[in-house]
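[1] have a look at this prediction, sequence included:
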Amino acid sequence: MAKRHYSALSQPTLSMSELICKTLDHDATDMLIDKWLEHRNDAYWEWFQGVRERKHAANSLRRQVLVWNKGDFLPENIFCRTVDTGRLIPLDRTWSTHVYHHRSMQDRKLSMMPVVFTMLPELMMLRGMHDLGCDDVYIIVTDMKRQEMDDVTEYFKLVCRHAFGRTCKPSMEHEIQYNHMRLSHTLLKQRRTPCFPQIDIAFRAILHEKRPPFIILFSHQTTSYSQILFTHPLFVPSEEIFFDFPSGCPNPCCNDDCEMIRFPRCGTEGAAVLSIKRGRRDRRKVRSREMCNWIDCNICFNEETSQYAESSEGSQSSADSGDTPTNNGLVCSLSIIQYYIWTWTCRISTSHPYQPCPPVSSPRSWPNRCTECYRCV
């Protein structure tokens, strides 16, 4: 098979990338969460405590909600309303992290665990915002400085707006090729690894083949930051909740501009959102639905989006927001029957009426069906 030619205007594939992919599975993520809880950061604890005391508009339309109902500061006690299905689901869910890095890091036997650990609270929140399509998180490790990261972010926004999934106009081809050449020479002159063409190949190939709700460009430069690039405005955290989210920097002398990861605190205004055009083969638009809170039920309360196809691709089968009234927190009649069956089973099989059922999957996967850990709210 002939090797595909790479250019700034053609669609690359992951097979063309020379970066090494290191995958951290659900067990590794679960271990990192436990380690993060052991070394509790007071800034995050105080922020969650402040969110707990705020008054949320729980019955509002299409609005993100973060609820710490009761119990200790643990992910299973904090619930987040998903942006794609409208369900209230605890943060106690893991994911697989695919970290793409230069081969020199493997030669030096550097672990990818610190990469995920430095942004673990942000990843937990972004994972909790999605019911579907966020079981895999993609991170590209770079060593770009702050200005270089800014320029690369603007470049990807430009390419996605004019050339991703659509025919690029001749007037924009010259600008894209010029910026590509400028960034390639800048990173090559500074001896950055990986080089910009490899970053570009991996980034656009992941967007095209994996369709994630967001991609993270990680930089291990101490004077830089890591950037989150969202594929739709619906996936951006709400400004009403995250306007004062901690920066994560452990240095008490740092100012408000210091941040290890640029987590959007001003909604879409301060977020890096890519303009992704869905191809003809991908007819399902990004939509937000109002679905039954029972995880095994696919009934949708919103009649306009009730044609939802059962798919695990959240970024493809999620949905554009609208003003259609919704019934937040409802469960269908079948789920109510199943709910009471599980409740009765819990009370018979355990000594305490609210003791969780025996686990049916991994420790931090889907919550067990009982009155304590998965109440239909």
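    It's in.

[2] tell me which helix or strand in this protein has the weakest average pLDDT.
    Least confident element among the helices and strands of the chain, by mean pLDDT, DSSP states H and E: helix 314-317 (a mean of 34).

[3] residue 274 and residue 156 touch, don't they?
    Yes - taking Cβ atoms under 8 Å as the definition, residue 274 is a contact partner of residue 156 at 6.5 Å. (Each C-beta comes from the backbone N, C-alpha and C, glycine too.)

[4] hey, what's in contact with both of these two?
    residue 229 (Cβ atoms under 8 Å, 6 or more residues apart in numbering).

[5] point out where this protein drops to low pLDDT.
    The model of the chain has pLDDT under 70 over residues 1-3, 55-62, 250-258, 278-288, 295, 302-377.

[6] can you show me the strands along the stretch 151-300 of the chain?
    Counting by DSSP state E, counting those that start in this stretch, one finds strands in the stretch 151-300 of the chain at the ranges 214-219, 226-230, 261-262, 272-273.

[7] with distance to residue 202 and mean neighbour count added, can I get the ones you listed in CSV?
    As requested, the strands of the stretch 151-300 of the chain are exported to CSV (distance: least, Cβ to Cβ, whole Å; neighbours: other Cβ atoms under 10 Å):
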stretch, distance to residue 202, mean neighbour count
strand 214-219, 9, 24
strand 226-230, 13, 23
strand 261-262, 19, 20
strand 272-273, 17, 20
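
[8] helix, strand or coil for the spatially most central residue of the chain?
    Nearest to the mean C-alpha position of the chain, by Cα atoms, centre = their mean, lies residue 126 at 3.9 Å. Local secondary structure at residue 126 is given as helix here, using DSSP: H, G, I helix; E, B strand; the rest coil.

[9] mind listing the residues bridging to the nearest residue to it once chain neighbours are set aside?
    In space, not counting the residues next to it along the chain, residue 126 is nearest to residue 214; the distance is 6.4 Å by Cβ to Cβ, 6 or more residues apart in numbering. Taking DSSP bridges, one obtains residue 230 as the residues bridged to residue 214.

[10] hang on, isn't residue 214 packed against residue 235?
    Yes - using Cβ under 8 Å, residue 214 is in contact with residue 235, at 6.0 Å.

[11] returning to that earlier point: got a list of what the residue nearest to residue 126 touches?
    Taking Cβ under 8 Å, 6+ apart as the criterion, residue 214 is in contact with 126, 228-231, 235.

[12] try it again with 10 Å
    With contact taken as Cβ atoms under 10 Å, 6 or more residues apart in numbering, residue 214 is in contact with 123, 126, 129-130, 134, 137-138, 228-232, 235-236, 271-274, 315.

[13] now residue 184
    If a contact means Cβ under 10 Å, 6+ apart, then residue 184 has 8, 195-197, 199-200 as its contacts.

[14] show me where the stretch 151-300 of the chain has its helices.
    Taking DSSP state H, counting those that start in this stretch as the criterion, the stretch 151-300 of the chain carries its helices at 170-189, 196-210, 239-242.

[15] including distance to residue 93, could those go into TSV?
    Below are those laid out as TSV (distance: least, Cβ to Cβ, whole Å):
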stretch	distance to residue 93
helix 170-189	36
helix 196-210	19
helix 239-242	19
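
[16] now stretch 198-207, how far from the centre of its chain.
    17 Å (Cα atoms, centre = their mean, to the nearest Å).

[17] could you give the number of residues near residue 170?
    Other residues near residue 170 come to 7 when the count uses other Cβ atoms under 10 Å.

[18] residue 209 too?
    13.

[19] and it, how far is that from residue 25?
    20 Å (Cβ to Cβ, to the nearest Å).

[20] again, but for residue 168
    Residue 168 is 38 Å from residue 25, where distance means Cβ to Cβ.

[21] try residue 210
    Residue 210 sits at a distance of 17 Å from residue 25 (criterion: Cβ to Cβ).

[22] ok, the two, which is more surrounded?
    A count of neighbours by other Cβ under 10 Å puts residue 210 above the other of residue 210 and residue 25, at 15 against 12.

[23] wait, the more buried one sits on residue 100?
    No - with contact defined as Cβ atoms under 10 Å, residue 210 and residue 100 do not form a contacting pair (11.5 Å).

[24] give me the common contacts of these two.
    Residues touching both residue 210 and residue 100 comprise 14, 138, with contact defined as Cβ under 10 Å, 6+ apart.

[25] distance of residue 277 relative to residue 232?
    Look at residue 277 and residue 232: by Cβ to Cβ, they are 11 Å apart.
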